[in-house]
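Engineer: After the sequence you'll find the predicted model.
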Amino acid sequence: MTIGFIGAGHMASALIYGIVSSGEYRKRDIYIYDINEEARQHYISNGFNVVGSEAELVLASNIVFLCVRQPALPGVLNAVRGVVTSKNVIVSVVAGISIGFIKAVLGQECKVIRSMPNMASSICKGATAISYDMPITYAELNRVKDLFETIGVVEILPEEQMNEVISVSSSSPAYVYMLMRAMIEGGVQQGMDRETAERLVYETVSGSVEYAKASGKSLDDIISAICSPNGTTIRAVDYLEKKGFEQAVKDAMLVCTKRAYMLEKEI
């Protein structure tokens, strides 16, 4: 099976290097096209197959990942419209763009899977949501699902939830990094050296996730267990609640989702 990537930006890079590092696929199985000469040279120097056009990539690949920005998508779809066949499965990684939009350009019989991975895919710790529409076969769906499972966990969702999932698992690493940044800066402001603060925060966040997954407890129970009566943690938690910390995160997620719904209307 050959895999093609149209676009070589951050998300494409995360997927490409995650897939290779998983050990399931080799560099020679992957074809790449990008309009940026510097990006093409980067992948050539790293041993990947780099082709000269979108159409050439589709002809060389069974599974074709669309990893371009929304404004560039119509041009890319028009460039490959005449060469996409039933042998190709198109996997869109373009946020906010429906399967119907892609089919309207390529033809209703083309095979399209919509996906929303995240950057941790590059280290095989990704979280990806996918949705699909006919005429995708279950064998083809499972082939793409298996591909994403080499770089993390996968959930199959109705397409009606694909804009919402962006705020949950695709954009959300940015919120987590903001929290980590604030914790590090808080430590520095209290006199801790930055390297020590970074080490402690990184391991605290990583360990908190692993503990939550392994404990079998609800997040509410874990929070309660950490918050001793009249102790230090409960003071911090009470302050965060008064400042609307959790509500601010939920509100930000809604803003993220609303933006996702606007993207298709702008192209």
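Structural biologist: That came through, no problem. Residues are numbered from 1 along each chain as shown.
Engineer: what's the spacing between stretch 6-23 and its chain's center?
Structural biologist: Once both centres are worked out by CA atoms, centre = their mean, to the nearest Å, stretch 6-23 turns out to sit 11 Å from its chain's centre.
Engineer: outside of it, which residues touch it?
Structural biologist: Counting by CB atoms under 8 Å, 6 or more residues apart in numbering, the neighbours of stretch 6-23 from elsewhere in the structure are 3, 5, 25-27, 30, 32-34, 36, 39-40, 42-43, 48, 54, 57, 64-69, 72, 76, 80, 93, 117-124, 126, 147, 150-152. The C-beta positions use only the backbone N, C-alpha and C, and glycine is treated the same way.
Engineer: now those: which count as buried?
Structural biologist: Taking 16 or more other CB atoms under 10 Å as the criterion, what is buried in those is 3, 5, 25, 30, 32-34, 39-40, 42-43, 48, 54, 57, 64-68, 76, 80, 93, 117-122, 124, 126, 147, 150-152.
Engineer: ok but Val153 is inside a strand, no?
Structural biologist: Yes - Val153 sits within a strand when classified using DSSP: H, G, I helix; E, B strand; the rest coil.
Engineer: any idea how far it is from Ile222?
Structural biologist: Counting by CB to CB, to the nearest Å, the gap between Val153 and Ile222 amounts to 21 Å.
Engineer: quick one: Val249 from Ser121, how far?
Structural biologist: Distance, Val249 to Ser121, using CB to CB: 23 Å.
Engineer: Excluding chain neighbours, give the residue nearest to Tyr261 in space.
Structural biologist: The shortest distance from Tyr261 to any residue other than its chain neighbours is 5.5 Å, reached at Asn163 (CB to CB, 6 or more residues apart in numbering).
Engineer: correction: Gly4
Structural biologist: Across the structure, with CB to CB, 6+ apart as the measure, the residue nearest Gly4 apart from its sequence neighbours is Ser61 (3.0 Å).
Engineer: what ranges do the helices span in the stretch 1-150 of the chain?
Structural biologist: Using DSSP state H, counting those that start in this stretch, the helices found in the stretch 1-150 of the chain span residues 10-21, 37-45, 54-60, 73-80, 99-106, 138-149.
Engineer: Compare those helices and give me the one nearest Gly244.
Structural biologist: For those, distance to Gly244 was read as CB to CB. The smallest value, 31.2 Å, belongs to helix 10-21.
Engineer: Export that closest one to CSV, keeping only CA atoms.
Structural biologist: This file holds the C-alpha atoms of helix 10-21, laid out as CSV (Å, rounded to 0.1, in the frame of the first residue of the first chain):
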residue,chain,number,x,y,z
HIS,A,10,3.1,20.8,10.5
MET,A,11,0.2,18.3,10.6
ALA,A,12,1.5,16.5,7.5
SER,A,13,4.9,16.3,9.1
ALA,A,14,3.5,14.9,12.3
LEU,A,15,1.6,12.2,10.4
ILE,A,16,4.5,11.3,8.0
TYR,A,17,7.1,11.0,10.7
GLY,A,18,4.7,9.2,13.1
ILE,A,19,3.8,6.6,10.5
VAL,A,20,7.5,6.0,9.7
SER,A,21,8.5,5.8,13.4
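Engineer: please renumber so the chain begins at 51
Structural biologist: Done: numbering now begins at 51, and the last item shifts to helix 60-71.
Engineer: Just the buried positions in it, please.
Structural biologist: 61-70.
Engineer: Check stretch 232-249 too.
Structural biologist: 233-234, 237, 247-248.
Engineer: coming back round to it: which element is the residue nearest to Tyr311 on?
Structural biologist: Secondary structure assigned from DSSP states H and E places Asn213 in helix 212-215.
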